[in-house]
Each structure stands twice: as C-alpha cells, then as structure tokens.
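below is the structure, and that's it, no one-letter string:
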C-alpha cells in the first residue's frame with residue numbers, strides 16, 4: 001500500500017524559491033504551498049512513507065515464511081507459528097499460523113521456567129553446601145559424625161566436592177570417628193515429578209532431584225576395547241565410589257565385526273543400597289573409548305559415598321558408614337562451598353536443556369514463596385503466577401512440569417512469544433535471559449544448527465516423541481530483532497522435518513534481504 005493507491009500523484013517543482021506548486025490529480029487547480037505547509041508535507045512524507053515501507057517489508061517477509069512452510073510438505077494443522085518484530089512497547093505480529101492454539105511445548109517450557117526463576121530469585125542468589133558436626137573434635141579427630149548438608153545446589157560437581165574436602169583437610173581434620181550423615185531435608189523427598197515419562201528415568205538427562213545432589217546425580221561409564229578380540233573390555237565409572245557396582249559383560253570384537261554397547265541399571269547384587277550398572281556388548285580392537293551416561297536413584301546416599309571416597313583420597317579416614325538423617329540443631333558448620341551465581345545456573349538450564357536443573361530451581365521458587373521444604377507444586381504455582389503477571393490469562397495454558405518432560409503441559413506459540421517479549425523488555429533480567437539461550441552455530445543445543453546465520457539466532461529447542469519446538473530471537477545487522485515461537489505436534493516420523501523447517505524459518509528472520 002502507498003499514497004499512490006489513494007489516487008494521489010506528487011510532482012514536485014523545486015525552483016529553489018518559495019512558494020512552489022504541487023500538481024495533484026485531485027483537481028485541476030494547482031495547490032499553492034507556503035513555507036509552513038511545505039514543512040507539514042515533508043513531515044507527512046517523512047513519517048508515513050517509512051511506515052508504509054515497513055508494512056511492505058513485513059508483508060514480503062510473511063510471504064517468504066509461508067513459502068517455506070508450504071515447501072516443507074508438513075500439514076499446516078500440525079504447526080503453530082508466531083513471529084513478531086520486537087519493539088520497545090507492543091510488538092507487531094508479522095506471521096501467525098495456528099498461533100493461539102494450545103500445543104505440547106516440550107522443553108520450550110523451560111522458557112517460562114527461566115523467566116520465573118529470574119523474576120523471583122534475587123540476582124545475587126547463591127546456595128551453599130556444608131560440612132557440619134555436633135561432635136567434639138581434637139587433635140585432628142572428629143569424635144562423631146560428619147554431616148553433609150545440601151541446600152539445593154544444581155551444579156555441585158566433583159571439582160566443588162574436592163575443594164570442600166580440601167578446606168576440611170587444611171583445617172587439620174584427619175579422622176572421622178563416626179558416620180557420614182547426609183541431610184537433604186531442605187527439599188522434600190519427591191525425586192521425580194509424577195508427570196515425567198517413566199521409561200526414561202535411568203537417562204542422565206532425566207536424573208532424580210534432591211537438596212543434596214552431586215554431579216547432576218549421574219555417572220559416566222567409560223568402556224575401552226582390550227588389546228585382543230574376545231577379551232573383556234576395560235570398564236570404569238567416573239566418579240567411582242562404593243555406591244556404584246559395575247558388572248562387566250562386555251567382549252572386545254574383531255575389526256569389522258558388528259558392534260554395540262549398552263548399559264542397564266538395577267539394584268546392587270549385595271545388601272548395600274546403591275546402583276548396579278550392567279554393561280553389555282562390545283566394540284572392536286583399536287576403536288576409541290566410549291562413554292555411557294546414566295542417572296542414579298538415591299541422590300543423598302550417592303553424594304555421601306562420594307564424599308567418603310574424596311575424604312579417603314585426601315587421607316582423611318572414616319570409620320563409620322554412610323546414612324541419611326537430619327542434622328541436629330546443635331551442629332556447627334566446619335567448612336562450606338558456595339554455588340555458582342544464578343545467571344550461570346540458568347545458562348546450564350537453557351543451553352543444554354537440563355531437566356534436572358529445571359526441577360531444582362523450581363523447588364527454590366517454593367522456598368522463596370515461603371514453602372518449606374522446597375517442593376515442585378508450590379514452585380509451579382510461582383511460574384504460573386509470573387506468566388499471568390506477564391499478561392497471559394491462566395485459562396490459556398497448563399503447566400504441570402517445569403522441564404517440559406511431560407505430555408500434560410500445554411501452551412500456545414503466541415503466549416510463549418509473549419514470555420520472550422516480556423523477558424527482553426525487563427532490564428533487570430534481559431541480559432541474563434537472552435545470554436542463557438543457545439546460540440546458532442555456536443553452543444548448547446544449537447551448536448550444530450543454522451551455521452549460515454551463526455550468532456544471529458538465540459533460541460530454546462524442544463523435542464519429544466511427535467513434538468519439535470524452537471523459540472527465541474533472530475537479529476539482523478540493521479538492528480531489527482524478530483521474536484518467534486515455532487511448535488510442531490504430529491507424527492514422530494516428521495519431527496526431524498519440522499526441525500529443519502524451523503531452522504529455515506529462523507534463518508529467514510535473520511536474513512536482511
């Protein structure tokens with residue numbers, strides 16, 4: 001659309017002097033302009049023409065997006081797409097396809113979770129993991145139990161435990177004349193949200209949660225072929241402690257022989273509480289070491305047994321066993337290790353779509369809301385509340401699980417886009433939120449996607465059986481930013497085609513031409 005569509009033809013006669021004439025098809029009489037109404041005309045042209053030009057550009061972009069959708073061969077009914085130009089106040093919709101229909105968002109749910117976490121938890125939020133005792137100590141001996149107390153650090157890993165034990169060693173402690181006691185009562189004892197897909201609970205990315213957690217409550221199993229075919233492979237676990245029992249049923253294969261390697265998790269074969277990992281199959285002589293990742297079932301005991309192993313590695317003897325109990329009120333802190341800052345926790349959540357971190361941070365939301373111990377139910381209420389405050393009516397969505405690892409979550413693409421817009425506009429959280437997203441061709445779940453627009457797309461991915469999603473921001477060299485939300489719900493066979501389409505759509509949004 002332009003001024004010419006309204007029957008107005010402009011013919012300027014610039015003679016360098018005022019007044020000058022404007023010939024118009026509105027009548028036969030020339031219009032005589034003074035200096036004042038010339039300024040008015042120039043203002044009109046200077047403001048309306050850019051707007052008209054912008055409208056035409058957005059229309060052209062919408063046509064390009066629609067051509068990509070048609071070319072994909074996917075059913076439009078299986079797609080929910082919402083695209084807008086990001087503006088300081090109200091964004092302008094560019095392309096909408098079933099944008100207001102509720103769909104399974106899969107891990108796009110984490111957009112809502114990260115938004116609520118950054119809105120509710122203070123920017124300097126950190127937690128600590130502590131070693132305590134209520135027993136007397138002298139001459140390097142603690143004459144009683146050593147207590148490991150967790151406060152829900154979602155990223156307490158081997159390096160942090162080593163530093164914590166090192167602090168204890170430097171304080172002069174050399175012997176624990178008692179048990180290793182694990183206190184994980186800061187959160188409730190619900191390890192899995194009931195809505196999770198039960199068949200995936202042994203996967204490392206689907207680990208149980210607990211206030212005292214270690215290494216994302218997962219173990220890495222390394223398997224290397226032996227020098228001779230037919231011999232058992234070399235199998236090791238990292239980290240290794242008395243919690244883990246490895247059963248090696250592997251066999252090194254000949255070169256060129258078919259290969260496969262798998263592991264399953266079960267109860268230990270002895271009376272100790274822990275996990276047995278049975279490794280089967282084999283790979284050929286000379287092949288590289290393989291890694292398998294599995295979750296553990298008892299986060300508290302898993303943490304306690306690893307503490308015991310780390311203590312012994314630093315020459316601190318432990319005479320007792322590992323067990324769980326609440327720390328007595330008389331317990332005093334010996335040493336503690338502070339967590340990473342909140343912004344890094346959120347980056348762990350978003351860049352690698354970490355389900356474990358999502359549920360841990362959601363339990364922290366319940367603590368901030370005044371609910372103790374921390375629990376998912378109250379934390380989810382906080383997430384829902386933040387979405388409503390963002391302008392999304394409560395009857396337009398259903399969120400049951402903060403990670404999206406469920407088929408009960410429902411959200412419309414336009415509402416997810418709304419969350420992205422609100423996060424971008426809130427100066428207090430925008431930097432942390434945007435930087436937490438995977439970057440096209442660079443890192444996280446987008447490291448190997450969209451290399452042609454490397455660095456110009458930041459977006460969260462989502463994937464479940466029959467579900468694919470991509471939502472985030474696409475920037476352009478001219479400073480323009482599009483915010484988008486794409487969701488596919490359909491045949492699992494077409495899931496990869498949907499991902500390819502979403503990459504093409506996002507790349508188009510980042511294309512200035």
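Yep, that arrived. None of the values given here were measured: they were computed from a predicted structure. Numbering: from 1, shown residues only.

tell me the domain ranges of the chain?
Domain ranges of the chain: 3-55, 73-123+342-509, 127-339, per automatic domain parsing.

can you add mean neighbour count, mean pLDDT and distance to residue 63 and give those back as CSV?
For the C-beta atoms, the positions are set from N, CA and C on the backbone; glycine is no exception. Below are the domains of the chain laid out as CSV (neighbours: other CB atoms under 10 Å; pLDDT from 0 to 100; distance: least, CB to CB, whole Å):
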stretch, mean neighbour count, mean pLDDT, distance to residue 63
domain 3-55, 11, 46, 13
domain 73-123+342-509, 20, 97, 9
domain 127-339, 18, 95, 39
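
closest one to residue 61 among these?
domain 73-123+342-509 (5.8 Å; CB to CB).

how far off centre is the closest one?
Computed by CA atoms, centre = their mean, to the nearest Å, the chain-centroid distance of domain 73-123+342-509 equals 9 Å.

can you give me the helices for the stretch 101-250 of the chain?
With helices called from DSSP state H, counting those that start in this stretch, the stretch 101-250 of the chain shows them at 109-120, 158-170.

beyond the helix or strand where residue 63 lies, next helix or strand please.
Using DSSP states H and E, residue 63 sits within helix 35-72. The helix or strand immediately downstream of helix 35-72 is strand 79-85, counting by DSSP H and E.

so what strands line up beside that next one?
Looking at strand 79-85 with DSSP bridges, its partner strands are strand 92-97 (antiparallel), strand 481-489 (antiparallel).

what's the distance between residue 156 and residue 216?
Separation of residue 156 from residue 216 (CB to CB, to the nearest Å) stands at 9 Å.

repeat that for residue 363.
For residue 363, the distance to residue 216 (CB to CB) stands at 15 Å.

likewise for residue 417?
Relative to residue 216, residue 417 is positioned 30 Å away (CB to CB).

same thing with residue 408?
Distance from residue 408 to residue 216, counting by CB to CB: 24 Å.

try residue 280
Residue 280 is 24 Å from residue 216, by CB to CB.

could you pull out the helices for the stretch 401-513 of the chain?
For the stretch 401-513 of the chain, the helices defined by DSSP H, counting those that start in this stretch occupy 413-425, 430-436, 495-509.

to residue 351, which of those helices lies closest?
helix 430-436 (6.6 Å).

please report phi then psi for residue 144.
Backbone dihedrals for residue 144, given as degrees, to the nearest 10, come out at phi 160, psi -160.

if we can go back for a sec, now tabulate the strands paired with strand 79-85 in TSV and tack on distance to residue 505.
Below are these laid out as TSV (distance: least, CB to CB, whole Å):
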stretch	distance to residue 505
strand 92-97	9
strand 481-489	6
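
out of the ones you listed, flag the one nearest residue 240.
Evaluated with CB to CB, these place strand 481-489 nearest to residue 240, the distance being 41.8 Å.

give the contact list for the spatially most central residue of the chain.
Nearest residue to the geometric centre of the chain (CA atoms, centre = their mean): residue 350, 2.1 Å. Shown in contact with residue 350 (CB atoms under 8 Å, 6 or more residues apart in numbering): 110, 114, 436-438, 444, 460.

go again using 6 Å as the cut-off
114, 436-437 (CB atoms under 6 Å, 6 or more residues apart in numbering).

secondary structure class for it?
Three-state assignment for residue 350 (DSSP: H, G, I helix; E, B strand; the rest coil): helix.

so how far is residue 270 from the residue nearest to it when sequence neighbours are not counted?
Nearest residue to residue 350, sequence neighbours excluded (CB to CB, 6 or more residues apart in numbering): residue 436, at 4.1 Å. For residue 436, the distance to residue 270 (CB to CB) stands at 43 Å.

repeat for residue 158
Look at residue 158 and residue 270: by CB to CB, they are 25 Å apart.

same question for residue 166.
Going from residue 166 to residue 270 by CB to CB gives 31 Å.

which element is residue 278 on?
Secondary structure from DSSP H and E places residue 278 in strand 275-282.

return the distance of that strand from the chain's centre.
Centroid displacement of strand 275-282 relative to its chain, using CA atoms, centre = their mean, is 30 Å.

which helices and strands sit right next to that strand?
strand 244-250, strand 260-267 (3 or more CB pairs under 6 Å, 6 or more residues apart in numbering; DSSP states H and E).

can I get these in TSV including distance to residue 481?
Shown next, in TSV, are the helices and strands packed on strand 275-282 (distance: least, CB to CB, whole Å):
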stretch	distance to residue 481
strand 244-250	48
strand 260-267	44
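
can you tell me which of these comes nearest to residue 195?
Minimum separation from residue 195 across these (CB to CB) falls at strand 260-267, 21.6 Å.

quick one, the closest one and strand 275-282 angle?
For strand 260-267 against strand 275-282, the angle by axes from the mean of the first three to the mean of the last three CA atoms, to 10 degrees is 160 degrees.

check which helices and strands strand 260-267 sits against.
Packing contacts for strand 260-267, counted by 3+ CB pairs under 6 Å, 6+ apart, involve strand 275-282, strand 290-295.

sheet-wise, list the partners of the longest one with their directions.
To tie it back to what came earlier, the one meant is strand 275-282. strand 244-250 (parallel), strand 260-267 (antiparallel).

mind checking the ones you listed for the one nearest to residue 70?
Across those (criterion: CB to CB), the nearest stretch is strand 260-267, sitting at 41.1 Å.
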